[in-house]
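> Okay, sequence plus prediction incoming.
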Amino acid sequence: MKTALITGANRSIGFEAARQLLQQGYYVYLGARDLARGQQAVAQLHAEGLTQVEPLQIDVADPASVAAARTALGQQTEVLDVLINNAGILGGMVQPATSTPVSAIKEVFETNVFGVIEVTQAFLDLLRRSPAPRIVNVTSGLGSLTLHTDPSWKYYAVKGAAYAPSKAALNAYTIMLAYELRDTPFKVNAVDPGYTATDFNHHSGPGTVADAAARVVKAAVLGPDGPTSQFFSDDNAPDTGISPW
C-alpha cells in the first residue's frame with residue numbers, strides 16, 4: 001500500500017486531498033499542527049469508512065516539531081511515496097510593499113518557504129526508498145512573476161509583500177529540487193489549487209475544495225511518464241494547465 005504525508009491536512013484542501021488519496025487506496029498520514037484537530041479530522045474520515053489514516057503532529061515552522069514528526073513517522077513506515085507540502089499561511093489581507101513589517105514577511109516565509117524545505121529535507125530519506133516518489137508543493141497563481149507583470153492578468157491588482165513573494169520563492173525551490181532529483185524516479189511539481197472558497201480567504205474564492213484537492217492529488221499520483229518541475233495551474237492556464245513562472 002502506498003503511503004502519503006500531507007501537511008496542514010486537518011481542514012480545507014489538505015483534508016480533502018487526504019480523503020481523495022484514501023479513496024484511491026493510499027495510507028495517509030494526516031499532518032496537523034494541533035494534534036487534537038488532527039485527531040478530529042481522522043475521526044471524521046473514519047466515520048466515512050476511510051480508515052487507512054492516522055494523525056501526525058507537525059508544525060512546519062518549528063524545526064523541532066518537524067524532527068519529532070520524522071522520528072514518529074519512521075516508527076510507522078520505512079517508505080514514504082508521496083509528500084504534499086500543503087501547510088501555508090496568508091499573513092493578513094493587506095501587505096503593502098512600502099509598509100509591511102519585515103517581521104510579518106519573515107513569518108509568512110517561515111511557513112510557506114522554509115517550512116517546506118525543512119519538511120522536504122527531513123523526509124527525503126523515506127521518499128528515496130519509494131520506487132516512485134512524488135513531491136507536491138502547494139503554491140498559488142500569485143506566485144507567478146510573469147503574470148504579476150502582465151496588466152491584462154485577471155489578478156494583476158492582487159499584490160502583496162509577503163504571501164505572493166513567498167509562493168514565488170517556493171516555486172523557485174521546486175525548480176531547484178526537481179533539477180537535483182532529475183535523474184531519479186522523483187516527480188517534483190508545484191500545484192496552484194486555484195482561488196478556492198476556504199477559511200484561508202474567508203470563503204471568498206469561487207472554486208470548490210473538491211476541485212482544488214483533485215488538482216493536488218493529480219500531481220501526487222503521476223505515473224512514470226508524468227512531468228516534473230512544472231507549475232500546474234488550471235486557473236491561470238485553463239488551456240494547457242501549465243502556468244508561466
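Alright, I've got the coordinates. The shown structure was predicted, so the numbers you read here are calculated from the model rather than taken from an experiment. Numbers count the residues shown, from 1 in each chain.
> Any chance you could list what contacts the lengthiest helix in the chain?
Longest helix in the chain, counting residues (DSSP state H): helix 163-180. Helix 163-180 has contacts (CB atoms under 8 Å, 6 or more residues apart in numbering) with 90-91, 95, 105, 108-109, 112-113, 116-117, 120, 135, 137, 139-140, 142-145, 148, 158, 186, 188-190, 228-229, 231, 245. C-betas here are computed from N, CA, C, even on glycine.
> in that helix, what's buried?
163-171, 173-174, 177-178 (16 or more other CB atoms under 10 Å).
> mind putting those residues in CSV, distance to residue 224 and pLDDT included?
CSV is the format used below for the buried residues of helix 163-180 (distance: CB to CB, whole Å; pLDDT from 0 to 100):
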residue, distance to residue 224, pLDDT
163, 34, 98
164, 34, 98
165, 34, 98
166, 32, 98
167, 28, 98
168, 30, 98
169, 29, 98
170, 25, 98
171, 24, 98
173, 24, 98
174, 20, 98
177, 19, 98
178, 15, 98
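> Return the closest of those residues with respect to residue 154.
Using CB to CB, residue 164 comes nearest to residue 154 of those, at 14.6 Å.
> per-residue confidence for residue 192?
Looking at residue 192, its pLDDT stands at 97.
> so what's it up against?
Applying CB under 8 Å, 6+ apart, the residues near residue 192 are 139-141, 143, 215, 231-236, 243.
> Excluding chain neighbours, what is closest to the residue nearest to the spatial centre of the chain?
The geometric centre of the chain, computed from its C-alpha atoms, lies nearest to residue 86 (CA atoms, centre = their mean), at 2.5 Å. Counting by CB to CB, 6 or more residues apart in numbering, residue 86 lies nearest to residue 14, which is 4.2 Å off, once chain neighbours are set aside.
> list the contacts for that neighbour?
The contact partners of residue 14, taken as CB under 8 Å, 6+ apart, are 6-8, 31, 84, 86-87, 213.
> Sort out for me which of the residues you listed are in strands.
6, 31, 84 (DSSP state E).
> ok so, going back, you'd agree the residue nearest to residue 86 is in a helix?
Yes. The assignment for residue 14, made by DSSP: H, G, I helix; E, B strand; the rest coil, places it in a helix.
> and residue 182, how many residues sit next to it?
Using other CB atoms under 10 Å, residue 182 has 11 neighbouring residues.
> circling back: could the contacts of residue 192 go into JSON lines alongside distance to residue 57, neighbour count and pLDDT?
Listed next are the contacts of residue 192 as JSON lines, based on distance: CB to CB, whole Å; neighbours: other CB atoms under 10 Å; pLDDT from 0 to 100:
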{"residue": "139", "distance to residue 57": "24", "neighbour count": "28", "pLDDT": "98"}
{"residue": "140", "distance to residue 57": "26", "neighbour count": "27", "pLDDT": "97"}
{"residue": "141", "distance to residue 57": "31", "neighbour count": "24", "pLDDT": "96"}
{"residue": "143", "distance to residue 57": "28", "neighbour count": "28", "pLDDT": "98"}
{"residue": "215", "distance to residue 57": "27", "neighbour count": "24", "pLDDT": "97"}
{"residue": "231", "distance to residue 57": "30", "neighbour count": "24", "pLDDT": "98"}
{"residue": "232", "distance to residue 57": "29", "neighbour count": "23", "pLDDT": "98"}
{"residue": "233", "distance to residue 57": "31", "neighbour count": "25", "pLDDT": "97"}
{"residue": "234", "distance to residue 57": "32", "neighbour count": "22", "pLDDT": "92"}
{"residue": "235", "distance to residue 57": "32", "neighbour count": "22", "pLDDT": "89"}
{"residue": "236", "distance to residue 57": "34", "neighbour count": "25", "pLDDT": "88"}
{"residue": "243", "distance to residue 57": "33", "neighbour count": "23", "pLDDT": "97"}
